[in-house]
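Trainee: Need the 3D shape of this:
(one chain, ligands or ions: 1)
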Amino acid sequence: MKNIPIFFSFNNDYTIPAAVAFFSLLNKTKEDIFYDMFVLHSDITSENQNLLQDIVAKFKNGKLNFINTEGFLDEFWNKGNFEGHNTRNQFTVDAIVKCFGASFFLQYEKIIYSDVDIIFMDDISDLLNVNLDEKYIVGVKNPFMKWNQNELSHLNKEYYEMLKDSYIGGGIWVMNLKKIREDNLEQKMLEIINDDSIIKRWPDQDIINIACKNKIGFIPLNYISYPYLPDLLQKEDFISDYSREELYDSIINPKIIHYAAGKPWHYNAKKAEIWWDIFNYLKLPKTKIFTKQKENNFNKKIKKYKILFNIFLIISILLFLLNMFFYFYLIK
Ligand SMILES: [Mn+2]
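Mentor: Purely as a prediction, here's the structure:
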């Protein structure tokens, strides 16, 4: 048996996606692998913790531990310049807590981090054998940098030039905790958070990529298979740092499907069938995140109708006044 440490960082709202992700991880685990799973969180209810424990208990090769991080980094989250692109509406403090794994896992020299808006399609324990050397972190290089230069448009020219060819996504990392501690890298991360001249649009990604620059390693794109990539590959002008073979291989042989943009629980994601199959198999409940997107669209529609209604009302009143005016005028 080989023990593989892996951690996650999410809030109570993400319990159901985490349940699907945990099931998919353990369902694909090789017989000689045991996952020591950790959840960094600040608000997951005991009921939801039990729901997740029950999923893990279905399998023999995983143990789930919750670590409460309540209050940790709150001050930095509230003060830091996270204003770009509505960052504060999209993310919670949990997004930056994950950068600080070295503080929570003193017992390990390296650890895997994974998002939970994902499906594991294969065992990923080999990741811990990745050669870390002098690197702080290993992740998947963003394949959309050349195509969508807007991804890093919030950074100034210096940082943009520094990061554009090496920027890793946030879905899956292997963190060199030993080296991060040795070099006191977390102090540097705090300074980046505190530096108001750096806008953090993608909180965790921006902090890690800036702090670890030149000491970042890469794993194949298969570890973040993007469900919407096939559509982009149909566009003739699509360009990427990756070869077409690598891009297609990530679609055909995914190790992890990452619903980075459209989420399956909002019904609008590509490749969502397998997510729903696991959801239904586990008989999971539909919680409030399932309606969020719909509500938003609904609110937008209502707003539109409200404006139309008000215009209609004003025109009606004007017509009425005009009528009254003519009525009295003509009667006279
Ligand atoms: Mn994600």
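Trainee: Could I get the pLDDT score of the residue of the stretch 1-150 of the chain found nearest the ion?
Mentor: Sorted by distance to the ion under C-beta to the ion, the residues of the stretch 1-150 of the chain start with residue 115, at 3.7 Å. C-beta: built from backbone N, CA, C; applies to glycine. Note on residue 115: pLDDT of 97.
Trainee: That one - nearest residue in space that isn't next to it in sequence?
Mentor: Take residue 115 and drop its neighbours on the chain: the residue closest to it by C-beta to C-beta, 6 or more residues apart in numbering is residue 171, 4.8 Å away.
Trainee: Averaged pLDDT, whichever strand or helix holds the one you found. What do you get?
Mentor: In this structure, residue 171 is located in strand 168-175 according to DSSP states H and E. Averaging pLDDT along strand 168-175 gives 96.
Trainee: List the strands paired with it, with their directions.
Mentor: Looking at strand 168-175 with DSSP bridges, its partner strands are strand 111-114 (antiparallel), strand 137-141 (antiparallel).
Trainee: right, and those strands - which one's nearest residue 157?
Mentor: Nearest to residue 157 among these is strand 137-141; the distance by C-beta to C-beta comes to 20.7 Å.
Trainee: Identify, by residue count, the longest helix of the chain.
Mentor: helix 289-331 (DSSP state H).
Trainee: Who are the packing partners of that one?
Mentor: Here helix 289-331 touches helix 15-27, going by 3 or more C-beta pairs under 8 Å, 6 or more residues apart in numbering; DSSP states H and E.
Trainee: Might you enumerate the residues of the stretch 51-200 of the chain proximal to the ion?
Mentor: With the criterion set to C-beta under 5 Å from the ion, the stretch 51-200 of the chain comes near the ion through 115, 117.
Trainee: The one residue in the stretch 201-332 of the chain that gets nearest to the ion in helix, strand or coil?
Mentor: The stretch 201-332 of the chain approaches the ion most closely through residue 260 (5.2 Å), counting by C-beta to the ion. The local conformation at residue 260, judged by DSSP: H, G, I helix; E, B strand; the rest coil, is coil.
Trainee: Quick check: it touching residue 169?
Mentor: Yes. Here residue 260 lies in contact with residue 169, judged by C-beta atoms under 8 Å, at a distance of 7.1 Å.
Trainee: The two: who's more crowded?
Mentor: A count of neighbours by other C-beta atoms under 10 Å puts residue 169 above the other of residue 260 and residue 169, at 24 against 20.
Trainee: residues contacting the more buried one?
Mentor: Neighbouring residues of residue 169 by C-beta atoms under 8 Å, 6 or more residues apart in numbering: 139, 140, 141, 142, 205, 224, 258, 260.
Trainee: one more time with 10 Å
Mentor: Residues counted as contacts of residue 169 (C-beta atoms under 10 Å, 6 or more residues apart in numbering) are 115, 139-144, 151, 202, 204-205, 209, 221, 223-224, 226, 258, 260.
Trainee: and the residues you listed, which of them are in strands?
Mentor: Among these, the members falling in strands (DSSP state E) are 139, 140, 141, 258.
Trainee: before we move on, back to that, may I have the helix or strand following the strand holding residue 171 exported as CSV, CA atoms only?
Mentor: As assigned by DSSP H and E, the chain's next helix or strand after strand 168-175 is helix 177-182. Extracted C-alpha coordinates of helix 177-182, given in CSV (Å, rounded to 0.1, in the frame of the first residue of the first chain):
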residue,chain,number,x,y,z
LEU,A,177,5.9,21.7,0.6
LYS,A,178,9.5,21.2,1.8
LYS,A,179,11.0,23.8,-0.5
ILE,A,180,8.1,26.2,0.0
ARG,A,181,8.8,26.0,3.8
GLU,A,182,12.6,26.2,3.4
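Trainee: residues of helix 177-182 that come out buried?
Mentor: Buried residues in helix 177-182, counted by 16 or more other C-beta atoms under 10 Å: 177, 179, 180.
Trainee: ok, the first one touching residue 111?
Mentor: Yes. With the criterion set as C-beta atoms under 10 Å, residue 177 and residue 111 qualify as a contacting pair; they are 5.9 Å apart.
Trainee: Now list whatever residues contact both of these two.
Mentor: In terms of C-beta under 10 Å, 6+ apart, residue 177 and residue 111 are both contacted by the residues 5, 101, 102, 104, 105.
Trainee: Would you point out the most distant pair within the residues you listed?
Mentor: Using C-beta to C-beta, the shared contacts of residue 177 and residue 111 span at most 12.5 Å, a distance reached by 5 and 102.
Trainee: Which one's more surrounded, those two?
Mentor: More neighbours surround residue 102 than the other of residue 5 and residue 102, with 23 against 19 (other C-beta under 10 Å).
Trainee: In contact with the more buried one, which residues are there?
Mentor: 108-109, 111, 136, 175-182, 184-186, 189.
Trainee: now, which of these sits nearest the ion?
Mentor: Nearest member of the contacts of residue 102 to the ion, counting by C-beta to the ion, is residue 175, at 16.4 Å.
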